[in-house]
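Colleague: predicted coordinates and the sequence they were generated for:
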Amino acid sequence: MNDAATTPVINMLRYAGLSLRAWKTIGLIALAAGAVALPFLVSNYRVFQFNMVLVYTIVLLGLNILTGYNGQISLGHGAFYAIGAYVAAILMDRFGWPYWATLPVAGVACFISGFLFGLPALRLRGHYLALATFALATAMPQILKYKHIEQWTGGVQGIVIMKPDPPFGLKVTPDQWLYLFTLAILVVMLVIGWNLLRGRVGRAMVAIRDHPIAADAMGVNSALFKTLTFGVSALYTGVAGALGAIVVQFVAPDSFTAGLSINFLIGIVIGGIASISGAFYGALFIQFIPNFADQISKAAPWAIYGVFLLVFVYAMPTGVAGFIRMLVGKLARRLAPA
């Protein structure tokens, strides 16, 4: 960090007489206020894009619990996202359920699916586990097209969902309401994830990741924790899938290809492995960078995307969250009294 550029900022912070923790609190409050005000300041299309950022943040938070904190690599979370999306779509389209009631059902369905998938996956580690989960992601579109269940899934045609109207006569557009609803769900999931990872369960997850033999010697039931972590991670992804289906208003098998799972893994790497805030940065990347790449070059957008990816990886090897932590750490050391 350039000293000449940062000295005025440091002097201002010192003059204000507030601690770094106080400034962090102020920043968090400002961020929350900005997030609530955002849908009223941008177009409906931008509201839709930022809504998908919130949805992807929930996915990446769940994937980071599994990969970042527990050390299990998954390339199959697109499959759990699809399960959550189809559960919500089927309940709304076939049974007339309200959109909000589909979220816990989608979460439970994906928790059970993830837990059951995690049982045989206990025998696999590293790239073998990644390959097994990738097989799940590859098979999911074909499973959804299977003719004996297409009366439920809609086959290749998919299912169209009606956009819910704002409740209680609120004077907001449906897109604005969905954004605020998704934001509220994200806050709940963040609080749950924060408490989970900062408690005994989180410490057990990290112990299994870093020192599996030592964790077993200390009495940690590695098999149970690994399968439960897989289930919890899938639960987060299922809730996000249900929200994504409601926001997009459509589900179809070809929307949930293996590429979606790869994008999720890219998101947690770019945002920051084992970082709660990194989920948000990664979601911004996977939502907006492909659009920017397409605007820069219509002929070769994926080449531009690859350049962006290389720049982020080389410039921020610990992810965006790690880079920001480094800057904050330097600022804290400059602010500390001599």
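Modeller: Here it is on my side, so go on. Numbering: from 1, shown residues only.

Colleague: just the CA trace of the helix or strand where residue 208 lies, in PDB.
Modeller: For residue 208, the host element (DSSP states H and E) is helix 200-210. Taking Å, rounded to 0.1, in the frame of the first residue of the first chain, the C-alpha atoms of helix 200-210 are listed here in PDB:
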ATOM      1  CA  ARG A 200     -17.300 -26.300  18.400                       C
ATOM      2  CA  VAL A 201     -18.600 -27.600  15.100                       C
ATOM      3  CA  GLY A 202     -16.500 -25.200  13.100                       C
ATOM      4  CA  ARG A 203     -13.400 -26.000  15.100                       C
ATOM      5  CA  ALA A 204     -14.000 -29.700  14.400                       C
ATOM      6  CA  MET A 205     -14.400 -29.100  10.700                       C
ATOM      7  CA  VAL A 206     -11.100 -27.200  10.500                       C
ATOM      8  CA  ALA A 207      -9.400 -29.900  12.600                       C
ATOM      9  CA  ILE A 208     -10.500 -32.600  10.200                       C
ATOM     10  CA  ARG A 209      -9.300 -30.400   7.300                       C
ATOM     11  CA  ASP A 210      -5.800 -29.600   8.800                       C
END
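
Colleague: what's that helix in contact with?
Modeller: 65, 69-71, 196-197, 214-215, 218, 220, 222, 225-226, 229 (C-beta atoms under 8 Å, 6 or more residues apart in numbering). Where you see a C-beta, it was placed from the backbone N, CA and C, and this is true even at glycine.

Colleague: for the host helix or strand of residue 94, buried residues please.
Modeller: Using DSSP H and E, residue 94 sits within helix 77-95. The neighbour-count check on helix 77-95 (16 or more other C-beta atoms under 10 Å) flags 77-93 as buried.

Colleague: what mean pLDDT does the very next helix or strand once past that helix get?
Modeller: Per DSSP H and E, the first helix or strand lying C-terminal to helix 77-95 is helix 99-121. The predicted model assigns helix 99-121 a mean pLDDT of 94.

Colleague: can you tell me which helices and strands helix 99-121 packs against?
Modeller: Judged by 3 or more C-beta pairs under 8 Å, 6 or more residues apart in numbering; DSSP states H and E, helix 99-121 is in contact with helix 77-95, helix 126-144, helix 222-248.

Colleague: out of those, name the one with the poorest average pLDDT.
Modeller: helix 126-144 (a mean of 92).

Colleague: distance between that one and the chain's centre?
Modeller: 19 Å (C-alpha atoms, centre = their mean, to the nearest Å).

Colleague: again, but for stretch 48-65
Modeller: With C-alpha atoms, centre = their mean, you get 3 Å for stretch 48-65.

Colleague: buried sites along that stretch?
Modeller: Those buried within stretch 48-65 under the rule 16+ other C-beta under 10 Å are 48, 50-65.

Colleague: those residues in helices, which ones?
Modeller: In this view, the buried residues of stretch 48-65 that belong to helices under DSSP state H are 48, 50-65.

Colleague: average pLDDT across stretch 149-156?
Modeller: Here the average pLDDT along stretch 149-156 is 92.

Colleague: contacts for that stretch?
Modeller: Residues contacting stretch 149-156 (C-beta under 8 Å, 6+ apart): 86, 90, 94, 144-147, 159, 251-254.

Colleague: list the buried ones in that stretch?
Modeller: Quick answer for stretch 149-156 (16+ other C-beta under 10 Å): 153-155.

Colleague: what about residue 270, how many neighbours?
Modeller: Residue 270 has 25 neighbouring residues, counting by other C-beta atoms under 10 Å.

Colleague: what's the most distant pair in the contacts of stretch 149-156?
Modeller: 94 and 254 (20.9 Å; C-beta to C-beta).

Colleague: ok, back up a step: and of the helices and strands packed on helix 99-121, who's closest to residue 34?
Modeller: The nearest among the helices and strands packed on helix 99-121, by C-beta to C-beta, is helix 222-248 at 20.2 Å.

Colleague: so what secondary structure elements neighbour that closest one?
Modeller: Secondary-structure packing of helix 222-248 (3+ C-beta pairs under 8 Å, 6+ apart): helix 44-67, helix 77-95, helix 99-121, helix 174-198, helix 200-210, helix 212-217.

Colleague: for the residue nearest to residue 164 when sequence neighbours are not counted, give its distance to residue 124.
Modeller: Once flanking residues are discounted, residue 164 sits nearest to residue 99: 4.8 Å by C-beta to C-beta, 6 or more residues apart in numbering. Distance of residue 99 to residue 124, given as C-beta to C-beta, to the nearest Å: 36 Å.

Colleague: higher neighbour count, these two?
Modeller: Neighbour comparison, residue 99 and residue 124: the larger count goes to residue 99, with 20 against 15 (by other C-beta under 10 Å).

Colleague: could you find the closest non-adjacent residue to the residue nearest the centre of the chain?
Modeller: Geometric centre of the chain, nearest residue: residue 60, 2.4 Å, by C-alpha atoms, centre = their mean. Distances taken as C-beta to C-beta, 6+ apart put residue 279 closest to residue 60, at 3.8 Å, once the chain neighbours are dropped.

Colleague: let me see the contact set for the one you found.
Modeller: So residue 279 contacts 57-58, 60-61, 64, 267-268, 271 (C-beta under 8 Å, 6+ apart).
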